[in-house]
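1. how would this look folded up:
(one chain, ligands or ions: 1)
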Amino acid sequence: MTSRRDEIAIIGAGLAGSLAACFLARRGYPVVLYERRPDPRAGTAERGRSINLALSERGLDALRRVGLDEQVMADALPMRGRMIHPVEGEPQFQSYSAAGDRAINSISRGALNNALLDAAAALPGVRVVFDHRLVGLDPTNGSLTFETPQGQVAAKASVVLGADGAGSAVRGQLLADGLLTENVDLLDYGYKELTLPPLGGDFALDPDALHIWPRGTSMMIALPNPDRSFTCTLFWPNEGTGSFAALDNPAAIEHYFARHYPDVVPLAPNLVDDYENNPVGVLGTVHCAPWQVNGTVGLLGDAAHAIVPFYGQGANCAFEDVVELDRCLDECADEWSEALPLYQQRRQENAEAIATMALTNFVEMRDKVASPVFQLSRRVEHA
Ligand code: FAD
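-> As a prediction, the model looks like this:
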């Protein structure tokens, strides 16, 4: 039986890992948080990977439990509905609630991660180790091997939690050992970020909305940032007409945007530079089972169930995992061999459901939100 004196290793100091460190330290466990990257609080974000998240009540609930909600919400921008941008004509606002009183919150993933890291590192019993990439795990005894700038480093823990994202090394090791099966469905679409800087010192678009440019088989969205810029994300096919690869020179980029996103062109002075230099990110869904082995190795967040971002729920879902694990530990009196299977049992079905909804919402966002039938049905719904 794991006691509260036994060390927990969390692999990945992203959103799920940092939050899990806060919850477990509060339970009295010594926690080591291992992160492959250098400390993100000391450097600048990777180009084109700023990602602003839509944080909803599901995620906020978790932050409230560790006293971080007010700090995080101080920099959040509430978005009360969708603003649909047709190719021609005026944008149309669709409220998220009939009374207009409900919102999802635009928040920087980097700032959220830094706030969680600060909170975790400030708790007694938490050690955060950067520049440690997990390259080996023995699930039978919790032996860990890390690649560091100084060479390989060994460590050991009573419980190992893989919070190391969609390409999880923990999941990969369990798969290699025949302890887990996985199915990774990559989407035929990628994503690329563009920036709309402030215009005359103010937001270039209405900051109270999540902006969508539905274009049938592809789309662009934009979320506001506290510095009055907008981060746009293009979700385009990887191949064929209208794909990222199809636009391979400045004239082609400018021509395509003038034709399909005409209202954006005057607001995006760095369009060509952003387009040519920002990376194309991969999108996909991870299904795997089980999410835990022997009650000593478990998976959290994207490592267990990465989803496509169209429902804005990946991070919210990762936070819910952490809350549920904490609840299971309460109910199982910290007996991890009972708590981890119970956590999987309660979360897996929900994660599968949101994964399906996220894929369905891609079709709605890129296509149906612009259709007159959809808009009429929403008006009836809200009448
Ligand atoms: P991650 O955030 O990926 O963190 C994993 C951490 O593990 C990273 O710090 C990584 O460096 C580290 N790591 C990886 N491998 C190793 C290793 N071998 N050793 C040590 N460390 C390792 N979610 C929402 O809720 N709302 C949104 O609006 C939203 N929009 C999104 C838009 C886009 C374009 C994308 C791509 C995602 C979006 N998401 C959104 C999803 C959200 O970003 C993820 O679900 C969330 O970041 C998952 O958190 P995580 O901690 O599980 O994984």
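
2. And for the closest residue to residue 229 other than its chain neighbours, the neighbour number?
-> The spatial neighbour of residue 229 that comes closest, neighbours along the chain excluded (C-beta to C-beta, 6 or more residues apart in numbering), is residue 197 at 5.1 Å. For glycine as for every other residue, the C-beta is placed from the backbone atoms N, C-alpha and C. Residue crowding around residue 197 was assessed by other C-beta atoms under 10 Å; the count is 14.

3. Who are the contact partners of residue 197?
-> 204, 229, 269-270 (C-beta atoms under 8 Å, 6 or more residues apart in numbering).

4. Can you turn the buried part of those residues into a PyMOL selection?
-> Selection command for PyMOL covering only the buried members of these, criterion 16 or more other C-beta atoms under 10 Å:
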select buried, resi 204+229
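
5. Now tabulate the contacts of residue 197 in JSON lines and tack on distance to residue 7 and secondary structure.
-> JSON lines is the format used below for the contacts of residue 197 (distance: C-beta to C-beta, whole Å; DSSP: H, G, I helix; E, B strand; the rest coil):
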{"residue": "204", "distance to residue 7": "49", "secondary structure": "coil"}
{"residue": "229", "distance to residue 7": "42", "secondary structure": "coil"}
{"residue": "269", "distance to residue 7": "51", "secondary structure": "coil"}
{"residue": "270", "distance to residue 7": "47", "secondary structure": "coil"}
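
6. Go through the contacts of residue 197 and name the one nearest residue 174.
-> Each of these was scored against residue 174 by C-beta to C-beta, and residue 229 proved nearest at 40.8 Å.

7. For residue 9, see how far away the closest one is.
-> Note on residue 229: its distance to residue 9, by C-beta to C-beta, to the nearest Å, is 38 Å.

8. how much space between residue 341 and residue 140?
-> The spacing between residue 341 and residue 140, counted by C-beta to C-beta, is 18 Å.

9. These two: which is more packed in?
-> For residue 341 and residue 140, the more surrounded residue by other C-beta under 10 Å is residue 341, and the numbers stand at 17 against 12.

10. Surely residue 86 is within a strand?
-> No. With the criterion set as DSSP: H, G, I helix; E, B strand; the rest coil, the secondary structure at residue 86 is coil rather than a strand.

11. Phi first, then psi, for the residue in the stretch 1-150 of the chain positioned nearest to the ligand.
-> Among all residues of the stretch 1-150 of the chain, residue 14 sits closest to the ligand, at 2.0 Å; criterion: C-beta to the nearest ligand atom. Backbone torsions for residue 14, taken as degrees, to the nearest 10, come to phi -80, psi -150.

12. need the contact list for it.
-> When contacts are counted by C-beta under 8 Å, 6+ apart, residue 14 is found next to 35, 113, 163-165, 301-302.

13. try 7 Å this time
-> With contacts defined as C-beta atoms under 7 Å, 6 or more residues apart in numbering, the neighbours of residue 14 are 113, 163, 165.

14. and the last one, what pLDDT?
-> This means residue 165. Residue 165 is assigned a predicted lDDT (pLDDT) of 98.

15. what's next to stretch 241-248, contact-wise?
-> When contacts are taken as C-beta under 7 Å, 6+ apart, the neighbours of stretch 241-248 outside the stretch itself are 190, 192, 217-218, 236-239, 253, 256, 275, 280.

16. In PyMOL, how would I select the buried members of the residues you listed?
-> Here is the PyMOL command that selects only those of the contacts of stretch 241-248 that count as buried (16+ other C-beta under 10 Å):
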select buried, resi 190+192+218+236+237+253+275+280
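
17. okay if I get the contacts of stretch 241-248 as CSV plus distance to the ligand?
-> Written out in CSV, the entries for the contacts of stretch 241-248 read as follows (distance: C-beta to the nearest ligand atom, whole Å):
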residue, distance to the ligand
190, 10
192, 9
217, 18
218, 14
236, 12
237, 16
238, 15
239, 19
253, 20
256, 21
275, 16
280, 11
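
18. What about the contacts of stretch 241-248, which are in strands?
-> With strands identified by DSSP state E, the entries of the contacts of stretch 241-248 that belong to them are 190, 192, 236-237.

19. now for those residues, which pair is the farthest apart?
-> Taking C-beta to C-beta as the measure, these span a maximum distance of 12.0 Å, between 192 and 237.

20. ok, residue 316 - how many residues close by?
-> 22.

21. Against the ligand, how distant is it?
-> Computed as C-beta to the nearest ligand atom, to the nearest Å, the residue 316 to the ligand distance reads 4 Å.

22. list the helices and strands the helix or strand hosting that residue packs on?
-> Using DSSP states H and E, residue 316 sits within helix 314-331. Packed against helix 314-331 by the contact rule (3 or more C-beta pairs under 7 Å, 6 or more residues apart in numbering; DSSP states H and E) you find helix 15-26, helix 57-65, helix 302-305, helix 336-366.

23. Alright, that wraps it up for me.
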